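Q: using only what follows, build the 3D model:
(2 chains, ligands or ions: 2)
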Amino acid sequence: MNIFREFLRSWSKQPGMQLATLTVLTGTFTVIAVFMGLQQNLGSILSRWGETVQITAYLEDRLFLEEDIDEHIDKLKDDIRSYPATNQVEFVSKEKAVERFQKRMGTYVPDILGDESLGSPLPASLEIQLNQSWRNPGQFDALVHMAGEIAKLVGVEEVSYGQDWVKNYASVVGFFNSSSSALIVLLLAGSLLVVGNSIRSSIYQRREEIEILELVGATPRMIRAPYLMEGALMGFLAAGLALIIAAVLAFWQIELFTENLGFLGLSGTLGYLGLARSLGVLLLGIVFGLLGSYFCVWKISRGQNRPQDSWGF
Amino acid sequence: MIRFSHTYKSYTGDIHALKDISLSIEKGEFVFLTGPSGAGKTTLFKLISAYEQCTSGSVEVAGYDLNRIKFNQIPYFRRRLGVVYQDFRLLKQRTVFENVALPLEVRGDRYSYIERRVKDVLDQVSLSFKLDSFPEQLSGGEQQRVAIARALVHQPGVLIADEPTGNLDLGLSRDIMDLLERVNAQGTTVFVATHDMELVRNSKRRVVDLKNGSLVRSL
Ligand SMILES: Nc1ncnc2c1ncn2[C@@H]1O[C@H](COP(=O)(O)OP(=O)(O)OP(=O)(O)O)[C@@H](O)[C@H]1O
Ligand SMILES: [Mg+2]
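A: Residues are numbered from 1 along each chain as shown, chains lettered A, B, ... in the order given. Ligands and ions are numbered 1, 2, ... in the order given. Prediction:
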């Protein structure tokens, strides 16, 4: 049987219902795609920031009054290098710190540059790059301990390890991921109902036709196939449209973000849903379209009843 | 080919549409079913086509015991049957050609064969010129002939026809009866319900007469 022709026929018969279904379904999948995109981007921000986690040991100003300052710094470097987590230690002088700050923030807050009265507010420091295996949110407790040890070294005024906020960020991301995943599951369940409803009305409109098909010897499988196709196609269309809408939203948002919050240095990190996730959304559309229609369709021509019973004739 | 044995059929509301029917129709027979309106003719046909199940007794058609038939066998059973329904039961959204092609499509015949065969059968009911019309664009008699064509197209072993000439004028009725005779001559068992006593008398075939749900005569 020409399933596709049947499908077009049913759509042209009740365009209002199908259009409404497609709209609701597209909305649902757009939200799903957007949340998946947010999950992806928050995740890549997290790993990007996780990678830049480093320990900075700020040095006491009075250290620079000493004569053997260079030796002292070398000694500190050696001490720090003895930790297994340490990959590299770099000395950042006051001047260099200011220079860096200017470079990074200059275009956003140019006034700070010329303000001599501020002097050199930034302390000198030792920047400690960590080994790859230590640069992830799971290692924070070990880093806290290491930071504590470094803080005890002579000449170190304060240790910052950007840990708390990355850790907080990680837990926010975790919370967002689990709550948005729950929302996605809920929306998918809703999409089952929406597809089911539309297919049910399709079946109802064509119950006479279904009965005639049964009478000429069509198998249940043949009779169900067009409705399953209809569900799958509707899911596919909705997911496809949703991906397009979400892409437009994403490109627009990312542009805004990089324009206004460029100093966060995230421009390369943010992106639209990857290929795998996009295909995943399409697949979800097809699968849930199929499932939604399957739940309605499996009852058609099902054994226990003769047709007149199943349709209430 | 068709065997009823002490068959009863009641509908809800204490309507006893068929009472103690015992009847046997052999392969290749041509039998008329007569009786006044409401006698139970259509009900009898519904039992034969496995559209309804009898309340008690048994119905056997083409080797299938319809009380025991498995649900998934029903489609295959029905493909061996040709049925002309009193109310035609044509698909409104499909053309004459597509309606008649259904029994062949359902069993998966090739399109080239379907096309040839459908045109041939429509020719036999003098409707080849309405190939692309929809049922609603046809007269009652034309719709009836489409229903007849659909019942014959797959060359079924058993043909049951509920008032197949009810909407036809004398000339067309004769043509259709000739067609049924020809089909019967090729070996199909034919069972025809009709009010047209003239037609029954002329054909000198076996007659089964129903009254009030009971068999009053089975020659
Ligand atoms: N689905 C049904 N539910 C309840 N009663 C029914 C049903 N179908 C038929 N009947 C009743 O069963 C009896 C037999 O009906 P049936 O349709 O078999 O008559 P018939 O001989 O075909 O009549 P006609 O010549 O007018 O077509 C009638 O009294 C009818 O009212
Ligand atoms: Mg009748």
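Q: going forward, measure contacts between C-alpha atoms and count neighbours the same way
A: Fine.
Q: how about the contacts made by the residue nearest to the spatial centre of chain A?
A: When chain A is reduced to its mean C-alpha position, the nearest residue by Cα atoms, centre = their mean turns out to be residue A:39, at 1.7 Å. Neighbouring residues of residue A:39 by Cα atoms under 8 Å, 6 or more residues apart in numbering or on different chains: A:173, A:176, A:177.
Q: tell me the pLDDT at residue 73?
A: I'll assume chain A. Per-residue pLDDT puts residue A:73 at 84.
Q: oops, wrong one, chain B.
A: 90.
Q: any idea how far it is from chain A?
A: Separation of residue B:73 from chain A (Cα to the nearest Cα, to the nearest Å) stands at 9 Å.
Q: give me the number of residues near that residue?
A: By the criterion of other Cα atoms under 10 Å in any protein chain shown, residue B:73 has 13 neighbours.
Q: what do you get for residue A:155?
A: When counting by other Cα under 10 Å, one arrives at 18 neighbours for residue A:155.
Q: need the phi and psi values for it.
A: phi 100, psi -10 (degrees, to the nearest 10).
Q: again with residue A:130
A: phi -100, psi 160.
Q: ok, it touching residue A:85?
A: Yes - assessed by Cα atoms under 8 Å, residue A:130 is found in contact with residue A:85 at 5.5 Å.
Q: can you pull out the helices in the stretch 51-200 of chain A?
A: Assigned by DSSP state H, counting those that start in this stretch, the stretch 51-200 of chain A shows helices spanning A:69-81, A:94-105, A:111-114, A:140-151, A:163-205.
Q: switch the ones you listed over to CSV; also include distance to residue B:160 and mean neighbour count.
A: Formatted as CSV, the helices of the stretch 51-200 of chain A follow (distance: least, Cα to Cα, whole Å; neighbours: other Cα atoms under 10 Å in any protein chain shown):
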stretch, distance to residue B:160, mean neighbour count
helix A:69-81, 97, 15
helix A:94-105, 90, 15
helix A:111-114, 98, 12
helix A:140-151, 83, 16
helix A:163-205, 28, 17
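Q: so for ligand 1, which of those helices sits nearest?
A: Among those, the nearest to ligand 1 by Cα to the nearest ligand atom is helix A:163-205 (19.7 Å).
Q: which elements pack onto the closest one?
A: helix A:15-51, helix A:140-151, helix A:220-260, helix A:275-297 (3 or more Cα pairs under 8 Å, 6 or more residues apart in numbering or on different chains; DSSP states H and E).
Q: how about 6 Å then?
A: In terms of contacts (3 or more Cα pairs under 6 Å, 6 or more residues apart in numbering or on different chains; DSSP states H and E), helix A:163-205 is packed against helix A:275-297.
Q: please list the residues of chain B that sit near ligand 1.
A: Residues of chain B found near ligand 1 (Cα under 6 Å from any ligand atom) are B:11, B:15, B:17, B:36, B:37, B:38, B:39, B:40, B:41, B:42, B:43.
Q: and residue 92, what does it touch?
A: All of this refers to chain A. A:124, A:125, A:126 (Cα atoms under 6 Å, 6 or more residues apart in numbering or on different chains).
Q: my bad, the chain I had in mind was chain B
A: Residue B:92 neighbours (Cα under 6 Å, 6+ apart): residue B:135.
Q: now residue A:86: how far from residue A:57?
A: Distance, residue A:86 to residue A:57, by Cα to Cα, to the nearest Å: 13 Å.
Q: I meant residue B:114, not that one.
A: 86 Å.
Q: isn't there a strand covering residue B:19?
A: Yes - counting by DSSP: H, G, I helix; E, B strand; the rest coil, residue B:19 is located in a strand.
Q: burial measure for it, as a count.
A: Residue B:19 has 20 nearby residues by other Cα under 10 Å.
Q: what's the pLDDT at it?
A: 93.
Q: okay, residue 193: pLDDT?
A: In the absence of a named chain, this looks at chain A. So, for residue A:193, pLDDT stands at 91.
Q: correction: the question concerned chain B.
A: In this model, residue B:193 is scored at 94, pLDDT.
Q: which intervals of the chain have sub-threshold pLDDT?
A: Because you didn't say which chain, this covers chain A. A:1-11, A:13-14, A:51, A:105-120, A:135-140, A:162-166, A:261-269, A:301-313 (pLDDT under 70).
Q: should've been chain B
A: Applying pLDDT under 70 to chain B flags the ranges B:218-219.
Q: what's the longest helix in it?
A: Secondary structure of chain B read by DSSP state H shows that its longest helix is helix B:170-185.
Q: can you map out the strands along chain B?
A: B:2-11, B:15-25, B:30-34, B:56-61, B:64-65, B:81-84, B:158-162, B:189-193, B:206-211, B:214-218 (DSSP state E).
Q: would you mind listing what in the stretch 151-300 of chain A touches chain B?
A: A:216, A:217, A:218, A:219 (Cα under 6 Å from any Cα of the partner chain).
Q: same list (those residues) but as CSV, adding secondary structure and neighbour count.
A: Formatted as CSV, those follow (DSSP: H, G, I helix; E, B strand; the rest coil; neighbours: other Cα atoms under 10 Å in any protein chain shown):
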residue, secondary structure, neighbour count
A:216, coil, 26
A:217, coil, 25
A:218, coil, 24
A:219, coil, 21
